[in-house]
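Asks: using only what follows, build the 3D model:
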Amino acid sequence: MDSAFVYIAFIVLIALIFDYINGFHDAANSIATIVATRVLTPFQALCWAAFFNFAAAFTLHTGVASTVGKGMVNQEYVTPQVMLAGLLGAIFWNLLTWYYGIPSSSSHALIGGYAGAAMAKAIMLKGVMELFDAIIISGWLKTLRFIVLAPLLGMLLAYLLMIAVYWILKNSTPSTMDRWFRRLQLVSSALFSFAHGSNDAQKTMGIITAVLVSAGYLKTFDVPLWVMLTAYAAIALGTLTGGWRIVRTMGGRLTRLKPRGGFCAETAGAIAILFPTYLNIPVSTTHVITGAIAGVGSIQRVKAVRWKLATNILWAWILTLPMSALVAGLTFLGVWTLTGRM
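Replies: This next block holds a predicted model:
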């Protein structure tokens, strides 16, 4: 068997492992609220979320994949070695934050790792002063804007939905509201899981397609059907196995949720993800659902949200891009040293 084919197949496998870890790491985003409100058991919630993660494959939308694969990094610097280093950097950061129960962004770890490896190659080829030649500024500006806008949108929408719920059902007792919203939360959770799959799986699709293009197996950047289906299957399988450390942080420690709050958080989070997905912009489902949960909690009183914990989460968000880029850059140098190829 051709050694080059084996090498590319190995990189594709690493990408799918990242996708699996993404689902594993971000399972908390999809199920934390519905578990915290005890609408479903953890196992039921994981099965529910995994199903709708995979169902997103049948939208056949690949705009986010194109943005990640060819809209953020200068293709001059994209090689299989760069992609491998970027994936390893993202996986390292994901596992590190999962171990400490920190809900950081798998999405930003991936694009940070991808960019970091490409910048390391730019340094090797042209010197430190050409570091930023490896990235496409316009693609990054859109993504960086939504790093801020997406969680704020989730927070605002959740806050407004809670106000609407209290106003519409002002004559209902809390027990009546909870009885209705326990059913409605099944819908909102499914919608959020669908949105999660529609944005996050596409990032891995973009990486795999970029690998195939850089290796000459594809002439143009068109996502093959098998790439789409395997990426969605990997993230769904990862969600099914769950990440319980982060579930505890998201579902109970950030604020206390009731079914009506869980419904509002999930619905707001889904809208805040589907909107940028429509615009072909990768966003962090972790950031969005955290913002939405904080928005729900703050409707009661500002102190209902554990802002110290939220601040720690914010620091993890800030560090994700540079740290995953740094690890990926160092990994690229290691790969280059071992293989002699850039």
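
Asks: what's the neighbour count on the closest residue to T79 other than its chain neighbours?
Replies: Spatial nearest neighbour of T79, excluding adjacent residues (Cβ to Cβ, 6 or more residues apart in numbering): S214 at 5.5 Å. Glycine gets a C-beta too; all of them are placed from N, C-alpha and C. Neighbourhood size, S214 [other Cβ atoms under 10 Å]: 20.

Asks: surely S214 touches Y77?
Replies: No: assessed by Cβ atoms under 8 Å, S214 is found out of contact with Y77, at 9.8 Å.

Asks: where do the strands of the stretch 51-200 of the chain begin and end?
Replies: Counting by DSSP state E, counting those that start in this stretch, the stretch 51-200 of the chain yields no residue ranges for strands.

Asks: could you pull out the helices for the stretch 1-150 of the chain?
Replies: Remark: helices assigned in the stretch 1-150 of the chain by DSSP state H, counting those that start in this stretch are 3-36, 42-55, 63-70, 80-99, 106-126, 137-168.

Asks: those into CSV, with extra columns for mean pLDDT?
Replies: Shown next, in CSV, are the helices of the stretch 1-150 of the chain (pLDDT from 0 to 100):
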stretch, mean pLDDT
helix 3-36, 82
helix 42-55, 86
helix 63-70, 90
helix 80-99, 86
helix 106-126, 90
helix 137-168, 89
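
Asks: work out for me the element I235 sits within.
Replies: Assigned by DSSP states H and E, I235 belongs to helix 225-241.

Asks: from the contact counts, what lies against that helix?
Replies: helix 3-36, helix 42-55, helix 174-214 (3 or more Cβ pairs under 8 Å, 6 or more residues apart in numbering; DSSP states H and E).

Asks: so which elements touch the second one?
Replies: Which is helix 42-55. Helix 42-55 sits against helix 3-36, helix 174-214, helix 225-241, with contacts defined as 3+ Cβ pairs under 8 Å, 6+ apart.

Asks: closest to F92 out of the ones you listed?
Replies: Evaluated over the helices and strands packed on helix 42-55, closeness to F92 peaks at helix 3-36, with 10.3 Å, by Cβ to Cβ.

Asks: next, the angle helix 106-126 makes with the closest one.
Replies: Compare the direction of helix 3-36 with that of helix 106-126 by axes from the mean of the first three to the mean of the last three Cα atoms, to 10 degrees and you get 150 degrees.

Asks: against which helices or strands is helix 3-36 packed?
Replies: The contact analysis (3+ Cβ pairs under 8 Å, 6+ apart) places helix 3-36 against helix 42-55, helix 80-99, helix 106-126, helix 174-214, helix 225-241, helix 244-248, helix 259-278, helix 285-298.

Asks: you'd agree K219 is in a helix?
Replies: No: K219 sits outside any helix when classified using DSSP: H, G, I helix; E, B strand; the rest coil, being coil.

Asks: give me the number of residues near it?
Replies: Using other Cβ under 10 Å, K219 has 8 other residues around it.

Asks: and it, what does it touch?
Replies: Residues near K219 by Cβ atoms under 8 Å, 6 or more residues apart in numbering: V213.

Asks: same deal with D178?
Replies: Applying Cβ under 8 Å, 6+ apart to D178 gives the contacts 258-260.

Asks: next one: G23
Replies: Shown in contact with G23 (Cβ under 8 Å, 6+ apart): 50, 53, 200, 234-241.

Asks: swap the cut-off to 6 Å and go again
Replies: Contact partners of G23, counting by Cβ atoms under 6 Å, 6 or more residues apart in numbering, are 235, 238-239.

Asks: quick one: which of these has the lowest pLDDT value?
Replies: Scanning the contacts of G23 for pLDDT, the low point is T239. It has 84.

Asks: ok, and the closest non-adjacent residue to that one?
Replies: Per Cβ to Cβ, 6+ apart, closest to T239 is G23, 4.0 Å.

Asks: as TSV, the helices of the stretch 1-150 of the chain with distance to S188 would be great.
Replies: Formatted as TSV, those follow (distance: least, Cβ to Cβ, whole Å):
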stretch	distance to S188
helix 3-36	8
helix 42-55	11
helix 63-70	22
helix 80-99	25
helix 106-126	21
helix 137-168	10
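
Asks: point out the most buried one among those helices.
Replies: When these are scored by mean count of other Cβ atoms under 10 Å, the highest mean neighbour count falls to helix 106-126 (a mean of 26).

Asks: now it against helix 80-99, angle please.
Replies: Using the same axes, to 10 degrees, the inter-axis angle of helix 106-126 relative to helix 80-99 is 140 degrees.

Asks: K142 and P42, how far apart?
Replies: Computed as Cβ to Cβ, to the nearest Å, the K142 to P42 distance reads 36 Å.

Asks: Q202 now?
Replies: For Q202, the distance to P42 equals 27 Å [Cβ to Cβ].

Asks: likewise for W167?
Replies: Distance, W167 to P42, using Cβ to Cβ: 33 Å.
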